[in-house]
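Peer 1: kindly generate the corresponding structure for this input.
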Amino acid sequence: MYPWPTNITGVAGLASWTNVVTDGWFWTMILFALFVILFFSMKLYSTERAFAASSFITMIIAILLGSIGLLKNGLVLTAFIILGGLGLVVLWATNHKSYG
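Peer 2: Now for the predicted structure:
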């Protein structure tokens, strides 16, 4: 059985409680869903640019969520930082290839 939300005074308390109830997976899945939504909404541009932009945006949000302790562990934060770095490398490689 899951604990009832006994001392929730704001949005931060509610966010922390949802993380406890879902065993830390709530914000990880929110970040993953946000990445997918951003990627498909930016398909107006090339695939490389859509991937780079969506991975960079989710990396920034993951860093913010990790700094307030809403991510399950450091591995999730590290994975989204690596994803953001990979997006920047892909963007650099495609721009480098197309101009030179």
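Peer 1: grab the nearest non-local neighbour of Trp17.
Peer 2: Nearest residue to Trp17, sequence neighbours excluded (Cβ to Cβ, 6 or more residues apart in numbering): Pro5, at 4.7 Å. To be clear about C-beta, it is placed using only N, CA and C from the backbone, and glycine gets the same treatment.
Peer 1: specify the local secondary structure of Tyr45.
Peer 2: coil (DSSP: H, G, I helix; E, B strand; the rest coil).
Peer 1: what's it in contact with, if anything?
Peer 2: Ala53 (Cβ atoms under 8 Å, 6 or more residues apart in numbering).
Peer 1: phi, psi of it?
Peer 2: Dihedral pair for Tyr45: phi -90, psi -170, per degrees, to the nearest 10.
Peer 1: got the CA coordinates for stretch 46-58 in CSV?
Peer 2: Only the C-alpha atoms of stretch 46-58 are listed here, as CSV (Å, rounded to 0.1, in the frame of the first residue of the first chain):
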residue,chain,number,x,y,z
SER,A,46,15.7,17.9,-40.3
THR,A,47,15.9,14.8,-38.1
GLU,A,48,19.4,15.8,-36.8
ARG,A,49,18.2,19.2,-35.7
ALA,A,50,15.0,17.8,-34.1
PHE,A,51,17.0,15.3,-32.2
ALA,A,52,19.6,17.8,-31.0
ALA,A,53,17.0,20.4,-29.9
SER,A,54,14.8,17.9,-28.1
SER,A,55,17.7,16.2,-26.4
PHE,A,56,19.2,19.5,-25.3
ILE,A,57,15.8,20.8,-23.9
THR,A,58,15.2,17.6,-22.0
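Peer 1: buried stuff in that stretch?
Peer 2: By neighbour count with 16 or more other Cβ atoms under 10 Å, stretch 46-58 contains the buried residues Glu48, Arg49, Ala50, Phe51, Ala52, Ala53, Ser54, Ser55, Phe56, Ile57, Thr58.
Peer 1: give me the subset of those that lies in helices.
Peer 2: Glu48, Arg49, Ala50, Phe51, Ala52, Ala53, Ser54, Ser55, Phe56, Ile57, Thr58 (DSSP state H).
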